[in-house]
Every structure is written in C-alpha cells, then in structure tokens.
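Enquirer: show me how the following folds:
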Amino acid sequence: MKALVMLGPGMDIDRNLLANALKEEVTKNTYPKAEGIAIFDCGKEPDWSWSDYVFVVGKCELGRHHFDLQIGTTEDPTARIIETLSVLEESAPEEEETSE
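Expert: Numbers count the residues shown, from 1 in each chain. Below you'll find the model as predicted:
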C-alpha cells in the first residue's frame, strides 16, 4: 500500500502510532523505500503518481489533483487514517498464487 497524506497548516499526525497500527513505514516530506505512508506539508509538490491513496488533512488546496478522503480540522487525523487504510487493506483482493 502507498498512501500520500497532505497536511494542512496547523495539522499534525502521530507518525509512531500510524506506523505501529498499520505496520507500514511512515515518512515526512519524503517517500518510504518501497511501500508505506508519505506525509507532506501542504504547499509541497509531491509525486502524485506514486500513491494508491491520497488523504487531505485540514485545509489544503490541491489544485487539479484528486484525493480519496478529506479529514476535517476537528477530527483526529491519525485515527481516521488508521481506520480507513485498515478497511481498504482488508477489502483489497489478495494476490493469487500461481502453481504449475
């Protein structure tokens, strides 16, 4: 899973809790080595094609770019991201093994 989180001004995420709950690498203003969660401050210009999912936390203008979930300023962004990614991960089809 590759998730991109755009943080609006004054917003923050508990990266340790996110990493422990989802068992994914979490980075700030850079990308994980393989898969994981990349958190960027609003105003940075990330590689939009890198991610499977894009989340916006707080007020952040993305221009023409698509996002999958917007988290309001009164919500707990860490909990919402954990909940959403857990559901998405569980509902994703498992990779089929091929045996010959």
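
Enquirer: just how off-centre is the lowest-mean-pLDDT helix or strand in the chain within its chain?
Expert: For the chain, scoring each helix and strand by mean pLDDT, DSSP states H and E identifies helix 77-91 as the least confident one, at a mean of 91. Using C-alpha atoms, centre = their mean, to the nearest Å, we find the averaged C-alpha position of helix 77-91 to lie 9 Å away from the chain's own average C-alpha position.

Enquirer: repeat for stretch 67-74
Expert: 11 Å.

Enquirer: same thing with stretch 87-94?
Expert: With C-alpha atoms, centre = their mean as the basis, the distance from the averaged C-alpha position of stretch 87-94 to the chain average is 15 Å.

Enquirer: next: stretch 44-51.
Expert: With C-alpha atoms, centre = their mean, you get 11 Å for stretch 44-51.

Enquirer: okay, and for this structure, where does confidence drop off?
Expert: In the predicted model, the chain carries pLDDT under 70 at residues 93-100.

Enquirer: my read: residue 44 touches residue 28, true?
Expert: No - proximity of residue 44 to residue 28 does not meet the contact threshold set by C-beta atoms under 8 Å, at 10.3 Å. The C-beta positions use only the backbone N, C-alpha and C, and glycine is treated the same way.
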